[in-house]
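Enquirer: sequence plus predicted model, see below.
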Amino acid sequence: MDLKLLERKGEYEWEIPKTSDMNVPGKIFASRRLIEDMDDKVREQITNVACLPGIQKASLAMPDAHWGYGFPIGGVGAFDPEEDGVICMGGIGFDISCGVRTLRTGLSLEEVKPKIEQLAEALYRKVPAGLGSKGKLSLSISEIDDVLRGGAVWAVEQGYGYEEDLEYIEEQGRMEGAKPENVSHMAKKRQLREVGTLGSGNHYLEVQYVSEVYDEAAAKAYGLERNSVVISVHCGSRALGHQIGMDYIKELYKAAKKYGIPIKDRELACAPINSPEGQKYFSAVAAGINCALANRQVIAHLVRQVFEEVIPEAKVEMLYDISHNTCKVEEHVVDGERKTLYVHRKGSTRALGPGRKEIPKAYRDIGQPVLIGGTMGTFSFILRGTSEGLEKAFGSACHGAGRATSRKQAKRVFRGERIIQELRSRGIIIKAHSYAGVAEEAPGAYKDVEEVVNAVHNAGLAKKVVKLRPLACIKG
Amino acid sequence: MDYETFDHEADIGIRGYGKTLEEAFENAARAMFSVMVDLSKVKPVKKFHIKAEAPDVETLLVEWLNQLLAIADLEGYLFSDFKVKISQDGTRLEGYAIGEPIDKERHEISVEVKGATYSMLEVDKEDERYKAQCVVDV
């Protein structure tokens, strides 16, 4: 990105000055190196978002930002319904409520290491993944409606997991206001056999261990110590979320025209929050979020079964479940005034600071766990939300490493088989449904996750708690 | 080759060319399925009919591609051959796709295309040749 077009506001804060079209300035949180390498399209997209009505404070981008659809991936925008604020398709994206769930196992590295081959193989067999994979659940349309209304609560009612899991999921596992009647028949039909499937692309299931502790007190509150083994699941709302996006981009494009909202990009299709179209979309997004929460709940239960079968001493408990493609109604302070805002996070993780009522009681004094997935060969991180992050970025952080190399380029440069061998020699087992998929997701195709997380930490958006190193990774 | 893919930072672009608009649409579909699978490995077993409508020809391309993906997903199929007829005003389309059920072993699928997007969406005519392209989300 051309640094001349930005004003440096701090070591990790870069501002895109407000022009006449923009309602607020743009702001990117990143180190100098990350910003130099960042695609110029990020600046363009943040600027376009800043032009939308009712946007508050600034149009934001996280350190892992890259070129997305309407919003950049790693984009955050908060809108006030009382100031004609909008709900925008591009701010949520196609894989609604894609996110990460991390489970504790109660086991240490020493206990898991001798069984890791067996665990990886059993997880690969148990959790459906990859193109065309169908889940063990086969639902009817009316059962899908129950999923869309009930989220993870529905899954627990069906015997997938326990009541106590729910407290550790955003919205206690169920998003209010979901209306299945606002989700198309096609979207539901595509989901009939996809509940409890991982999908493909950058989605994965990983067995990891804590390789470094940065914040002892917070780690303890999250139930972690050095060498604790955890499991992380990264997936979303599958075809249903996608179909909702495809259906509503058309409706919202019409709505934007009807309400005279100037949009600079088709994928910024939006409607006023306080309009029938806006509320209809919000209720469909809420249904999509519930679909993703149910999906991760079912997968987590399959993982739990595998662990308890292979290592009977395992006690698999929820650490937390976050979503990084969402729009949530939250209270934030803007210029000293408490406001209810619709916060869009597209490829950005909610990172609420201590004291917020949304955080489970056990973590409330520490801040919300922020689960950041790395790449299969490097690291993942758990951070905690901060008060500073609430003030600077509506309580938001990065969501992953962010791609540095296109998929096409990655496929040219990397070979799936070789990557799997290399990682194995470093003690990381990869079980994949597709070699080409592994090449596209090669660790070298991503930005340095450590640099991204350090930028989040140093900017004060969230603080590092532990680093996680993979032992085994199941890819779609 | 009348179709190709192109680089996009996080996803991938697909492009079809043709002597007619119809051919460009058919080749764009080939380009999209070529992201998932080597098309020569997909046998012509079954035909699925498709109808689409849109306010303009660009949106019609996105509709066409997304309907193909929805049917492929729903039926568990991959497609390799396509035929369309497009109305004079470029707002209506009828056609079909031919392919076979996914065979994980034989097809060696690389990645799932989840949707066609409006990003870098273009349908136009250059030097007597039609071009239809967009970025697909994977």
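Expert: Perfect, thanks for sending it.

Enquirer: just give the closest residue to residue A:474, not the sequence neighbours.
Expert: Distance criterion Cβ to Cβ, 6 or more residues apart in numbering or on different chains; nearest residue to residue A:474, sequence neighbours excluded, is residue A:205 at 4.3 Å. Every residue, glycine included, has its C-beta placed from N, CA and C.

Enquirer: neighbours of that neighbour, just the number please.
Expert: 27 (other Cβ atoms under 10 Å in any protein chain shown).

Enquirer: so what's it up against?
Expert: By Cβ atoms under 8 Å, 6 or more residues apart in numbering or on different chains, residue A:205 lies in contact with A:123, A:127, A:129, A:198, A:231-234, A:299, A:303, A:473-474.

Enquirer: please tell me how far the residue lying farthest from the centre of chain B sits from residue A:309.
Expert: The outermost residue of chain B, judged against the average C-alpha position, is residue B:105 (23.4 Å), by Cα atoms, centre = their mean. Separation of residue B:105 from residue A:309 (Cβ to Cβ, to the nearest Å): 27 Å.

Enquirer: cool, residue A:25 as well?
Expert: Residue A:25 is 54 Å from residue A:309, by Cβ to Cβ.

Enquirer: and these two? which has more neighbours close in?
Expert: residue A:25 (18 against 13).

Enquirer: can you pull the contacts of that one?
Expert: Per Cβ under 8 Å, 6+ apart, neighbours of residue A:25: A:15-18, A:50, A:58-59.

Enquirer: go ahead and confirm residue A:294 touches residue A:150.
Expert: Yes. Between residue A:294 and residue A:150 a contact is recorded at 7.1 Å, counting by Cβ atoms under 8 Å.

Enquirer: comparing these two, which residue is more hemmed in?
Expert: residue A:294 (30 against 20).

Enquirer: ok, that one to residue A:178 distance?
Expert: 11 Å.

Enquirer: need the overlap of contacts for these two.
Expert: residue A:151.

Enquirer: elements contacting the lengthiest strand in chain A?
Expert: For chain A, the strand with the greatest residue count under DSSP state E is strand A:462-475. For strand A:462-475, the elements it packs on are helix A:116-126, strand A:204-213, helix A:216-221, strand A:228-235, strand A:380-385, strand A:429-432, helix A:449-459, judged by 3 or more Cβ pairs under 8 Å, 6 or more residues apart in numbering or on different chains; DSSP states H and E.

Enquirer: parallel or antiparallel, list what pairs with that strand.
Expert: Next to strand A:462-475 in the sheet, as set by DSSP bridges, lie strand A:204-213 (antiparallel), strand A:380-385 (antiparallel), strand A:429-432 (parallel).

Enquirer: can you list those strands in a markdown table and add mean pLDDT?
Expert: Formatted as a markdown table, the strands paired with strand A:462-475 follow (pLDDT from 0 to 100):
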| stretch | mean pLDDT |
| --- | --- |
| strand A:204-213 | 97 |
| strand A:380-385 | 98 |
| strand A:429-432 | 93 |
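
Enquirer: of those, which is nearest residue A:285?
Expert: For residue A:285, the closest of the strands paired with strand A:462-475 is strand A:380-385, at 22.5 Å, according to Cβ to Cβ.

Enquirer: from the contacts of residue A:205, which would you call buried?
Expert: A:123, A:127, A:129, A:198, A:231-234, A:299, A:303, A:473-474 (16 or more other Cβ atoms under 10 Å in any protein chain shown).

Enquirer: closest one of these to residue A:7?
Expert: Nearest to residue A:7 among the buried ones among the contacts of residue A:205, with distances taken as Cβ to Cβ, is residue A:234, at 35.1 Å.

Enquirer: just to check, the closest one is in contact with residue A:99?
Expert: Yes. Look at residue A:234 against residue A:99 with Cβ under 8 Å: they come within range, at 7.4 Å.

Enquirer: any residues of chain B in contact with chain A? List them.
Expert: On the criterion Cβ under 8 Å from any Cβ of the partner chain, chain A has as its neighbours in chain B the residues B:5-12, B:36, B:59, B:66, B:70, B:73-74, B:76, B:102, B:104, B:108-112, B:114-115, B:117-119, B:121, B:137-138.

Enquirer: nearest residue to the middle of the chain?
Expert: All of this is about chain A. Centre-nearest of chain A using Cα atoms, centre = their mean is residue A:324, 2.6 Å out.

Enquirer: ah, I was thinking of chain B
Expert: Residue closest to chain B centre, computed by Cα atoms, centre = their mean, is residue B:29 at 1.7 Å.

Enquirer: helix or strand for that residue, which one?
Expert: helix B:21-36 (DSSP states H and E).

Enquirer: equivalent analysis for residue A:75, please.
Expert: Per DSSP H and E: strand A:73-79 holds residue A:75.

Enquirer: and that strand, how far out from the chain's middle?
Expert: 13 Å (Cα atoms, centre = their mean, to the nearest Å).

Enquirer: could you do stretch A:56-65 as well?
Expert: 15 Å.

Enquirer: so which bits of it are buried?
Expert: Buried-residue list, stretch A:56-65, by 16+ other Cβ under 10 Å: A:56-65.

Enquirer: then stretch B:94-101?
Expert: For stretch B:94-101, by 16+ other Cβ under 10 Å, it's B:95, B:97-100.

Enquirer: okay, it in PDB with CA atoms only?
Expert: Provided in PDB are the C-alpha atoms of stretch B:94-101 (Å, rounded to 0.1, in the frame of the first residue of the first chain):
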ATOM      1  CA  GLU B  94     -32.200 -21.400 -20.500                       C
ATOM      2  CA  GLY B  95     -29.800 -24.300 -20.700                       C
ATOM      3  CA  TYR B  96     -28.400 -27.400 -19.200                       C
ATOM      4  CA  ALA B  97     -25.300 -28.900 -17.600                       C
ATOM      5  CA  ILE B  98     -24.000 -32.400 -18.000                       C
ATOM      6  CA  GLY B  99     -21.900 -34.300 -15.500                       C
ATOM      7  CA  GLU B 100     -21.700 -37.200 -13.100                       C
ATOM      8  CA  PRO B 101     -21.800 -37.800  -9.300                       C
END
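
Enquirer: report the mean per-residue pLDDT for it.
Expert: Mean pLDDT, stretch B:94-101: 97.
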